[in-house]
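Peer 1: fold the following for me, if possible:
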Amino acid sequence: MLLKNIAPCKLNKRQSRANGFRTLMENGTGKGKKTKQNSVLEKWADEIIRRLPKLPKLRKSGAIRIRQQRPFRETEQMNQNKLLSDIKNSVISEYPSAKMIFYGSRSKGREKDWSDWDILILTDENLTENRKIELHNKIFEIELATGEIIHSVIHTKREWQDPLMRITPFYQNVAREGTVI
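Peer 2: Numbers count the residues shown, from 1 in each chain. Next up, the predicted model:
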């Protein structure tokens, strides 16, 4: 009901806008009844009116910052390419025929600051647990050098093409959204 009443208000100044908002809160029910919700909203509107003159000063001083989306930077793309090439070079030095697939939120461009790097490593030969640990350790060295979290999954190419693997959500996600490095 309040949204219907907001549109006709054409107020220019911040002070009058907040006063108009308070009026809407008071008259929003249309019956003028005093309810607990209305009294809370009135207090909230009064607090807004009290703080509005201070906002420009607080913004200039840096106490209030308007959150903006971070612009894409070429350096981030360069860092991504360097990290992926470091991973590729590290794996290929041990397994020249290995295939690597970059998947996950970072590959889609929807990463957050805390997102990890998801890498699928496919080898020709079946690796023992010790060989897998050695490969994970090589990737861990890159993690330490860059400060990024790298999540690596290791499979043989034969395991990856197995019909039972193909029906898993993991396989379908990597096949649909993964990028070969």
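Peer 1: name the SS class of Leu127, please.
Peer 2: For Leu127, the assignment made with DSSP: H, G, I helix; E, B strand; the rest coil gives coil.
Peer 1: is it true that it touches Thr156?
Peer 2: Yes: the pair Leu127 / Thr156 is scored as a contact, 7.4 Å apart, by CB atoms under 8 Å. Heads up, the C-betas are built off the backbone N, CA and C, glycines and all.
Peer 1: common neighbours of these two, please.
Peer 2: Residues touching both Leu127 and Thr156 by CB atoms under 8 Å, 6 or more residues apart in numbering: none at all.
Peer 1: where exactly do the helices run in the protein?
Peer 2: 2-6, 14-27, 36-51, 55-61, 74-94, 105-108, 129-146, 157-160, 163-166, 169-177 (DSSP state H).
Peer 1: weakest of the ones you listed by average pLDDT?
Peer 2: With a mean of 39, helix 2-6 has the lowest mean pLDDT of the helices of the chain.
Peer 1: domains for this protein, by residue range?
Peer 2: Listed domain ranges for the chain are 2-61, 74-180 (source: automatic domain parsing).
Peer 1: next up, phi/psi of Thr148, please.
Peer 2: Not quite, residue 148 is Glu, not Thr. According to degrees, to the nearest 10, the main-chain angles of Glu148 amount to phi -100, psi 150.
Peer 1: ok, now how distant is it from Asp46?
Peer 2: Note on Glu148: its distance to Asp46, by CB to CB, to the nearest Å, is 48 Å.
Peer 1: between those two, which is the more surrounded one?
Peer 2: Neighbour totals were compared for Glu148 and Asp46, and Glu148 leads with 15 against 12 (other CB atoms under 10 Å).
Peer 1: and the gap between the more buried one and Ser115?
Peer 2: Applying CB to CB to Glu148 and Ser115 gives a distance of 9 Å.
Peer 1: next one: Val40
Peer 2: Between Val40 and Ser115 the distance is 39 Å, computed by CB to CB.
Peer 1: give the buried residues for stretch 135-150.
Peer 2: Neighbour-count burial for stretch 135-150 flags Leu135, Ile139, Ile142, Glu143, Ile150 (criterion: 16 or more other CB atoms under 10 Å).
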